[in-house]
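A.B. asks: mind folding the following:
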Amino acid sequence: MMPLTMAETSEQLMIKKIGGKPETRQFLENLGFIVGGEIMIISRLGGNVIVSVKDSRVAVSKEMAQKIMV
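C.D. replies: Below is the predicted model:
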């Protein structure tokens, strides 16, 4: 298990855990980041990542991406 920030681009990933405060976890869940869900990193911009989740593209800050374990 590793944080999303360490994963390779264009690799299909499964979310194993989401850390952080309850409101942070709820925010990520509302964006489609749920444990067991599949995501893929599209690109990186200065530590931030653009992720494909549930047929959508979502930009996630480096701080948020470190809370998503894959």
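A.B. asks: hey, let's count contacts and neighbours off CA atoms from now on
C.D. replies: Will do.
A.B. asks: could you measure from the closest residue to Met69 other than its chain neighbours over to Lys16?
C.D. replies: When the adjacent residues along the chain are set aside, Met69 lies closest to Pro3, with 4.4 Å between them (Cα to Cα, 6 or more residues apart in numbering). Computed as Cα to Cα, to the nearest Å, the Pro3 to Lys16 distance reads 10 Å.
A.B. asks: are there residues contacting both of those two? Which ones?
C.D. replies: 68-70 (Cα atoms under 8 Å, 6 or more residues apart in numbering).
A.B. asks: I figured Met1 hits Val70, correct?
C.D. replies: Yes: proximity of Met1 to Val70 meets the contact threshold set by Cα atoms under 8 Å, at 5.5 Å.
A.B. asks: so which helix or strand takes in the residue nearest to Val60 when sequence neighbours are not counted?
C.D. replies: Nearest residue to Val60, sequence neighbours excluded (Cα to Cα, 6+ apart): Val49, at 5.4 Å. Per DSSP states H and E: Val49 is located in strand 48-53.
A.B. asks: got a list of what Val70 touches?
C.D. replies: Taking Cα under 8 Å, 6+ apart as the criterion, Val70 is in contact with 1-4, 7, 13-17.
A.B. asks: 7 Å instead, please
C.D. replies: For Val70, the set of contacting residues under the criterion of Cα atoms under 7 Å, 6 or more residues apart in numbering consists of 1-4, 13-16.
A.B. asks: are any of those residues buried, and if so which?
C.D. replies: A residue is treated as buried here by neighbour count (16 or more other Cα atoms under 10 Å); on that basis the buried members of the contacts of Val70 are 3-4, 13-16.
A.B. asks: tell me what the residue nearest to Val60 is bridged to.
C.D. replies: With DSSP bridges as the criterion, Val49 is bridged to Arg44, Val60.
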